[in-house]
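**Student:** Model the structure of this input:
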Amino acid sequence: MEVSVTHERTIRRDGKELPNKFRMDWKIRFNSVDSISVSSERISYGLRKTNRTKEKESVKNLTRPKETQSRGGGHALWIFEDDTLTFLRTYQGGGLKATFAVARSPTGFDCTAKVGWLREEGTPIVMRSFVDQERLEILSARQVASSCRITNRGEAASR
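**Tutor:** Have a look, this model is predicted:
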């Protein structure tokens with residue numbers, strides 16, 4: 001599965017509110033009923049420059065939460081249930097929920113992607129920037145584009 005999701009966001013860094021476009025790309029391979037392999041890339045389009053980071057492929061055990069130190073710490077969990085792969089991630093404040101729904105189609109399988117930033121009551125979404133580890137707050141975000149494609153093992157995916 002190859003997924004790309006883009007958000008238009010307003011962020012706060014160093015006390016300044018800034019417009020930001022943010023894209024998350026995932027490559028997900030199902031290994032078994034209880035494990036997937038995931039690699040990802042995140043791209044932040046700021047006013048002056050574009051920054052990107054890549055995460056090498058790693059095996060994720062489904063339904064087992066894992067503590068993570070990235071972006072200032074938190075927890076991550078992958079679940080596959082009712083034809084939907086869900087990724088949940090907490091940050092210093094708030095979190096992220098990504099759902100990748102899979103459905104049979106006349107040509108094989110189709111998928112759709114939806115990613116939302118989750119707020120805790122009375123707390124902004126707070127994390128560390130992947131660029132410089134400085135505090136970053138997400139004040140607003142809306143998904144403006146997504147693509148999701150199911151690939152067969154060994155098939156080169158195209159965008």
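**Student:** how would you label the nearest residue to Ala145 once chain neighbours are set aside: helix, strand or coil?
**Tutor:** Leaving aside its sequence neighbours, Ala145 sits nearest to Thr6 (CB to CB, 6 or more residues apart in numbering; 4.2 Å). Using the backbone N, CA and C atoms, a C-beta is placed for each residue, glycine as well. Secondary structure for Thr6, judged by DSSP: H, G, I helix; E, B strand; the rest coil, is strand.
**Student:** Next one, pLDDT for Thr6 please.
**Tutor:** Per-residue pLDDT puts Thr6 at 98.
**Student:** cool, Ala156 as well?
**Tutor:** Listed pLDDT for Ala156 reads 46.
**Student:** and what of Arg128?
**Tutor:** Note on Arg128: pLDDT of 89.
**Student:** Tell me the bridge partners for it.
**Tutor:** In this structure, Arg128 bridges to Arg135 when assessed by DSSP bridges.
**Student:** Return the residues in contact with Ser39.
**Tutor:** When contacts are counted by CB atoms under 8 Å, 6 or more residues apart in numbering, Ser39 touches 26-27, 54-58.
**Student:** hmm, which of the residues you listed are the buried ones?
**Tutor:** Among the contacts of Ser39, those buried by neighbour count (16 or more other CB atoms under 10 Å) are Trp26.
**Student:** Counting residues, which strand of this structure comes out longest?
**Tutor:** Identified as the longest strand of the chain according to DSSP state E is strand 16-32.
**Student:** What strands line up against that one, and which way round?
**Tutor:** Strand pairing for strand 16-32, determined by DSSP bridges: strand 2-13 (antiparallel), strand 35-45 (antiparallel).
**Student:** Least confident of the contacts of Ser39?
**Tutor:** Minimum pLDDT for the contacts of Ser39 is recorded at Glu55 (88).
**Student:** need the contact list for that residue.
**Tutor:** The contact partners of Glu55, taken as CB under 8 Å, 6+ apart, are 38-42.
**Student:** Can you tell me which of those lies closest to Glu17?
**Tutor:** Distance to Glu17 across those (CB to CB) is lowest for Arg42, with 20.7 Å.
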